[in-house]
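> Structure here, sequence nowhere to be found:
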């Protein structure tokens, strides 16, 4: 299984970035898929997650209203559109795929830096 994340970079406060993750080696529609982030000196935390079942995705309170997650089961991809970025959004962002409580895959991470 591979999760290939891309789209990170340096952006000014208030700017936007779109992260993408391409999955291979798994039956994509059977997995919950989403994004976590880890800032220096802090624990990894969830940002947004799309479940396999119908229903609203999860957004962390810190990003709700500023980010949108979208998945394409046919292509095996998930994207995270981030708007109104703040310096506190600076972190390494990781793509994650989960199935049940045991199966858990991680991508390699992509750096997002929000700075003027």
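Right, received. Where do you want to start? Not measured: the values here are computed from a predicted model.
> Tell me how far residue 55 lies from residue 86.
28 Å (C-beta to C-beta, to the nearest Å). C-beta coordinates here come from the backbone N, C-alpha and C atoms, glycine included.
> Between the two, which has more neighbouring residues?
Each of residue 55 and residue 86 has its neighbours counted (other C-beta atoms under 10 Å); residue 86 has more, 14 against 8.
> so who does the more buried one touch?
The neighbours of residue 86, taking C-beta atoms under 8 Å, 6 or more residues apart in numbering as the test, are 13, 114.
> Then residue 62?
By C-beta under 8 Å, 6+ apart, the contact set of residue 62 is residue 88.
> That one in helix, strand or coil?
Three-state call for residue 62 (DSSP: H, G, I helix; E, B strand; the rest coil): coil.
> quick one: low-confidence parts of this structure?
53-54 (pLDDT under 70).
> Skipping adjacent residues, who's closest to residue 83 in space?
residue 16 (4.7 Å; C-beta to C-beta, 6 or more residues apart in numbering).
> Neighbours of residue 35, how many?
26.
> The residue nearest to residue 83 and residue 29, how far apart?
28 Å.
> So what does the residue nearest to the spatial centre of the chain look like in phi/psi?
Nearest to the centroid of the C-alpha atoms of the chain, with distances taken as C-alpha atoms, centre = their mean, sits residue 35, at 2.4 Å. Note on residue 35: its backbone torsions stand at phi -130, psi 140 [degrees, to the nearest 10].
> for residue 94, same thing?
Main-chain torsions, residue 94, degrees, to the nearest 10: phi -120, psi 140.
> try the one 4 residues further on
In terms of degrees, to the nearest 10, the main-chain angles of residue 98 are phi -130, psi 150.
> Identify the residues contacting the closest residue in space to it that isn't next to it in sequence.
Distances taken as C-beta to C-beta, 6+ apart place residue 32 nearest to residue 98, at 4.6 Å, with adjacent residues excluded. For residue 32, the contacting residues are 49-52, 97-99, by C-beta under 8 Å, 6+ apart.
> Just the buried subset of these, please.
49-50, 97-98 (16 or more other C-beta atoms under 10 Å).
> Format these as CSV; extra columns: distance to residue 112 and secondary structure.
Listed next are the buried ones among the contacts of residue 32 as CSV, based on distance: C-beta to C-beta, whole Å; DSSP: H, G, I helix; E, B strand; the rest coil:
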residue, distance to residue 112, secondary structure
49, 17, strand
50, 19, strand
97, 20, strand
98, 22, strand
